[in-house]
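Visitor: coordinates only, sequence not included:
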C-alpha cells in the first residue's frame, strides 16, 4: 500500500503490465498480469509470494472536484478535534460532554459561514451599497436595486429578499458536496460478522478501531447534514427578520407586519431548538453499523426551514412605504456573539479534556501531544481559520465595492463590514510575528542539532571512507530538520495561546469602542495610533490575500492534476477520520479504503486458507493497521504487518492517543502473527513504534542507514541520495525483513479448499487472491 501522494500500480509492482483484480477506478487491487490467475496455478508459486498492490490515491486526488475541498479547511480541522481526545476509559462521563462540545463548535462554524455569506450579499451589497447612490454609481448590475431608480426591487426588504438567494446557494452547495461524497465514501459496509463463526470477536476483546461500525458513518453524517443545513438556512432567516424588525418597530403603522414577524421569529426559534436537539442526540454508534432510518422530524427539518425562509422572504418583501436602508444591517453584532460563544466552547472543551487526561493518566503520557490539550488547541485554530476566511472575504469585497476607501471613514461611500472583522484582521500581524519567532527558534534548533549530530554521522559508515564535511553537514541537516516534526506541539500551543488572547482582545476592542482600530486610537499617542492603523491595513490585506491564494490554489488544482495531487496529500492526513463532528468536512477516504482491505483479506484467507503480509508506507501503514484491526482474531492471526515510514506512533499515537496510543498498538501486535516497522532518522514523517515483542524482539527495525553509502564506492560510484521518507524498498533490509515475516507465517503451502461463502455471507461473494501466501 502506497502512502501520501499515491503512486501507480506499475511502480508498486515493478512491472508495466498489471491487471485489475478487484475494485474500480477509484480504488482497486492490482497484480502483475502473469500473476492474475495465481490461484489456478498453485504449483508455480511454491516458496514464492504473490505481490498485490492496493491503489487508493484517487480517493483524495482523483477528479477536479477535489479542488473544491479547499474551502472546507475549517470544518476539517474541527472534525480532527473530535478524535484528539485523551485516552480515558470509554464509559467516562466526560466523553459524552467532549463529543457534544465539539459538535456544537462545528455547528457554530456553519453558522459563521452562513453569516459571512449574508454579510457579503445582504449587508454590503443589498443593504449598504444598493441603498447608497454614490456606491451604486458605476455598478450597472446594481442599478435596478437603487432607490433612485424607483423600481419594484428598490425597497430595502425586497433587495434583501433577493440577495438572500446567494447565501442560500452557498448552503445548498455545501449540502450537495456533502451528499455527493456521502454516497461514494460513507456507504461501504464492513464484512458481515455472524456470532459463533470464525469472524466473530467478543466486544470485551475489541478496541475502538476494531468495532464493526467504526468505519460506517452513513446515517450519522446524514443526521448532522440535516441539522447543519437547517442551521445555515435559519441564519439567513434570522438576518431577514432582524432587518424587518427594525422597520416594523418604527411605529404602530405596521402592526400587522410586526405581529407576523414575531410569529415567524417564534417558528425560527422552534426550528433552531429542534436543530440543537438533533445535534445533541447525534452521537456515533461504533459497536455496530448504524443503519437505523432517521426519524421524519430529522429528515423534514431542512425542508421546514426552507418553507419558513420563504415565508420570511415574503414578509420582508412586503411594501413598507418610506422605509430606507442606512448604516450597517441590523444584527451585524452577531459576529461578536459567535466569537464569544466559540471561545466559551473552546474553554469548556479544554476543561473537559483536562478531566479526561487525568482519568487516562499513564506512565507513557509524556508522549501525548500537549498533555491531552491537542483537541481544544486544534478546535481554537478551526475557529480562527473560519474567522480569517469569513473576514477576508468580507473585507476584500468591501474594498472592491467602496473603490478602495477605508471602511468606516467619513469619505467612505458605505460603512463597511462589522468593526469586529477589522479588529480580527489587526490581530493577524501580531500572530504572524509569533509564528516568525517560533520559526526562528526552530531554525536555531536545527543548527544546534545539526552540529551535535554531525559528530556521529561518520561512525555510521565504513571508517575507511574519506571524510567529507559537506556531505556530513547535508546528512546531519536532514536529520535535524526531520526532528522538527516532534516539535510541532510547541508551534500549535504557541499559535493557539496567542490566537485566544488576540481573539479576546479583538472582541473586547470592538464592543468597547464600536470603531475600527485606526479610528478607536485617534486620541492615543502617535506611535500607538500609527501601529493600530498599520496593523489594521496590513491585516486586512493579509486576510484578503489568504482568501485569494486559497481560490487561486483551487483554480489551479481544478485544471492541473499534479497540483490536485499535491492538495490531495493534505487531505491524506486531514481526512483519515470519519466525519463525526462536521458533515461538510471533506469526506473520510478510510471509510472506503478500510472496508476494501478488510473484505479483501478476510475473504481471501477464508477461501484459500492462506497467509499474507500486508505492507504499508506512510499513510498506507495507518490504513493497513486500521484494516487489520477490523479482522476477527482468527483471521488476524494469519496476517503479518510490515510498516515503513509510518506515522502510527510519531503522529497518530501522540495526537490521537485514545485510538493509537500504546495500549491500542500493543493489543494490535499481540493479536496478529508478527509486525515489523522500518524507520530512519532522516524521515520527517515516519518513526519508531516503540513496542517490544513478548519474546523480547523489538517491532522496530532501525534506524536504517540513510543514505546507504556515505561517499563514492565500488558499488556506488555516484553519491547515494538521501532518501528521507521515500524509497524504503531500495534498502536491502526491506527484502530481508519481508522474507522473515513470510517465513514466520507457517511452513508449506496450504491446499486450495473448496470455495465457500466467506464469513457466512449469504451470497458467497467471490474474491480472487494469491494461493498460499501473499505479500500485499
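Guide: Okay, I see it. Model, not experiment: these values are computed from the prediction.
Visitor: Tell me where the stretch 601-750 of the chain has strands.
Guide: 611-617, 639-644, 674-680, 700-704 (DSSP state E, counting those that start in this stretch).
Visitor: Just send those back as TSV, with mean neighbour count, distance to residue 350 and mean pLDDT too.
Guide: To be clear about C-beta, it is placed using only N, CA and C from the backbone, and glycine gets the same treatment. Shown next, in TSV, are those (neighbours: other CB atoms under 10 Å; distance: least, CB to CB, whole Å; pLDDT from 0 to 100):
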stretch	mean neighbour count	distance to residue 350	mean pLDDT
strand 611-617	26	34	93
strand 639-644	27	33	95
strand 674-680	24	33	95
strand 700-704	19	34	91
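Visitor: Let's have these in CSV, adding distance to residue 42.
Guide: CSV is the format used below for the strands of the stretch 601-750 of the chain (distance: least, CB to CB, whole Å):
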stretch, distance to residue 42
strand 611-617, 14
strand 639-644, 20
strand 674-680, 24
strand 700-704, 31
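Visitor: Show me what stretch 472-492 is in contact with.
Guide: When contacts are defined by CB atoms under 8 Å, 6 or more residues apart in numbering, stretch 472-492 is touched by residues 369-370, 374, 377-378, 381, 435, 438, 442, 445-447, 449-451, 453-454, 457-458, 650-651, 654, 681-685, 687, 706-707, 722, 724.
Visitor: how does it look with 6 Å?
Guide: 369-370, 377, 438, 442, 446, 449-450, 453-454, 457, 681-684, 722 (CB atoms under 6 Å, 6 or more residues apart in numbering).
Visitor: returning to what we had before: out of the strands of the stretch 601-750 of the chain, flag the one nearest residue 602.
Guide: strand 639-644 (9.9 Å; CB to CB).
Visitor: elements contacting that closest one?
Guide: Using 3 or more CB pairs under 6 Å, 6 or more residues apart in numbering; DSSP states H and E, the elements in contact with strand 639-644 are strand 611-617, strand 674-680, helix 732-744.
Visitor: follow-up on the earlier one: where neighbours are concerned, which of the contacts of stretch 472-492 has the most?
Guide: Taking other CB atoms under 10 Å as the neighbour criterion, residue 683 ranks highest of these with 28 neighbours.
Visitor: separation between residue 103 and residue 583?
Guide: 10 Å (CB to CB, to the nearest Å).
Visitor: Neighbour count for those two, which is higher?
Guide: residue 583 (30 against 23).
Visitor: does the more buried one count as helix, strand or coil?
Guide: coil (DSSP: H, G, I helix; E, B strand; the rest coil).
Visitor: Tell me where the model's unsure across the stretch 651-776 of the chain.
Guide: Counting by pLDDT under 70, the stretch 651-776 of the chain has low-confidence residues at 693-695, 746-776.
Visitor: change it to 80
Guide: 673, 692-697, 713-716, 746-776 (pLDDT under 80).
Visitor: what about the residue nearest to residue 319 when sequence neighbours are not counted, distance to residue 242?
Guide: Of all residues not flanking residue 319 in the chain, residue 155 sits nearest, at 6.9 Å (CB to CB, 6 or more residues apart in numbering). Distance of residue 155 to residue 242, computed by CB to CB: 17 Å.
Visitor: now swap in residue 490 and tell me
Guide: Separation of residue 490 from residue 242 (CB to CB): 43 Å.
Visitor: got the helices and strands packed on strand 639-644 as JSON lines, with distance to residue 180 columns?
Guide: Shown next, in JSON lines, are those (distance: least, CB to CB, whole Å):
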{"stretch": "strand 611-617", "distance to residue 180": "28"}
{"stretch": "strand 674-680", "distance to residue 180": "37"}
{"stretch": "helix 732-744", "distance to residue 180": "39"}
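Visitor: List just the one of these that sits closest to residue 357.
Guide: strand 674-680 (27.1 Å).
Visitor: So which of the strands of the stretch 601-750 of the chain is nearest residue 288?
Guide: Of all the strands of the stretch 601-750 of the chain, strand 639-644 comes closest under CB to CB, at 23.3 Å.
Visitor: does residue 230 sit in a helix or strand, and which one?
Guide: Using DSSP states H and E, residue 230 maps to helix 218-248.
Visitor: Which elements pack onto that helix?
Guide: Under the contact definition 3+ CB pairs under 6 Å, 6+ apart, helix 218-248 sits against helix 93-118, helix 165-185, helix 255-281, helix 296-317.
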